[in-house]
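J.: no sequence for this one, just the structure:
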């Protein structure tokens, strides 16, 4: 018989994160989701990384999402995720478990609470508001909670935009446990002290796949990268801005060895010199070098290779998800 986690013992650390396959990965995906895992996989804590296929269906058709799954898996592998250290899987491999746990969790949250999740507004299409958005879109935080809770995850690496979702998952787990016993592990944000958000090159908000002209994709050509960086918003000489801070952070993350040169350019900018063109040229060079190396590695990984990794990871994820679901249903008295 499957038992609940002990109320007196701290659950073993386990990390999970996921990326929607609505398009190719951006530099923001790399910094916000992949780089933290690359650091974490150096340790011994179990890690799960999933392609969030079902999440893609909240605002895309399957034909727009499913064809990208293997490509995202290839991206993971080319960026350095090690299948021997990280469980990499497709969310579809546990879609039934996700749907069922989501159903069990829904009675523990109000519609008003879901509407208050800040990222719901980011996902609404032009002309929509919370009153006419689909129920599936509104339920997005509950599905994310199910993903996390089904793997008994204790830590979730997230950026600023996802902190509200992690808090929603924590609330759901605590509410369920208060009602039925200590059946679910309550997760935490892994990098809550210093969350990262890479801004769009132009306009408002974060860098997003939904704004391709203002995002750097890992598969972009050199010409595309240089064009996008050249048009990126910065600030007038002597003025600081969140856009500059975001670009500087991006450059230093990709090439920390160039930090002194980058800091020198920023210092000259703040002193009133017109150096943003020089800074953008350096940033473009760094991006071109990084994406070129990535693309060369990705070309050596086949769809067959990626499919095999997803299948192996899916078996592990499905086994763990079923164990959690059994525990949940036993605590509820369903079985």
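T.: In hand now; what should we look at? Just so it is clear, the structure is predicted and the values come from calculations on it, not from any experiment.
J.: mind naming the longest helix for the protein?
T.: Looking across the chain with DSSP state H, the single longest helix is helix 303-332.
J.: which residues sit against the helix or strand containing residue 229?
T.: Using DSSP states H and E, residue 229 sits within helix 222-231. With Cβ atoms under 8 Å, 6 or more residues apart in numbering as the test, helix 222-231 has contacts from 201-202, 213-217, 220, 280, 283-284, 287-288, 291-292. All C-beta spots, glycine's among them, are computed from the backbone N, C-alpha and C.
J.: same check on stretch 269-280?
T.: 229-230, 232, 234-235, 237-238, 240, 244, 247, 262, 265-266, 268.
J.: go again with 6 Å.
T.: Applying Cβ atoms under 6 Å, 6 or more residues apart in numbering, the external contacts of stretch 269-280 come out as 229, 234, 237-238, 265, 268.
J.: buried sites along that stretch?
T.: Buried residues in stretch 269-280, counted by 16 or more other Cβ atoms under 10 Å: 269, 275-276, 279-280.
J.: okay, those residues in TSV with distance to residue 315 and secondary structure next?
T.: As requested, those are exported to TSV (distance: Cβ to Cβ, whole Å; DSSP: H, G, I helix; E, B strand; the rest coil):
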residue	distance to residue 315	secondary structure
269	52	helix
275	53	coil
276	51	helix
279	48	helix
280	46	helix
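J.: redo those residues as CSV? Include distance to residue 10.
T.: Shown next, in CSV, are these (distance: Cβ to Cβ, whole Å):
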residue, distance to residue 10
269, 47
275, 51
276, 49
279, 46
280, 48
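J.: remind me which residues of the stretch 101-250 of the chain are low pLDDT?
T.: 119-131, 159-161, 191-196 (pLDDT under 70).
J.: closest to residue 136 among the buried residues of stretch 269-280?
T.: Sorting those by how near they are to residue 136, with Cβ to Cβ, puts residue 280 at the top with 40.1 Å.
J.: which pair in the contacts of helix 222-231 spans the largest distance?
T.: Farthest pair in the contacts of helix 222-231 (Cβ to Cβ) is 202 and 292. Separation: 24.0 Å.
J.: related to what we said a few turns ago, who wins for neighbours among the contacts of helix 222-231?
T.: Highest neighbour count within these: residue 283, with 26 neighbours (other Cβ atoms under 10 Å).
J.: pLDDT score for that one?
T.: At residue 283, the model reports a pLDDT of 97.
J.: what's next to the next helix or strand after the helix holding residue 229, contact-wise?
T.: Remark: after helix 222-231, the chain's next helix or strand is helix 242-254, criterion DSSP H and E. Here helix 242-254 makes contact (Cβ under 6 Å, 6+ apart) with 31, 198-199, 233-235, 259, 262, 283, 286, 290.
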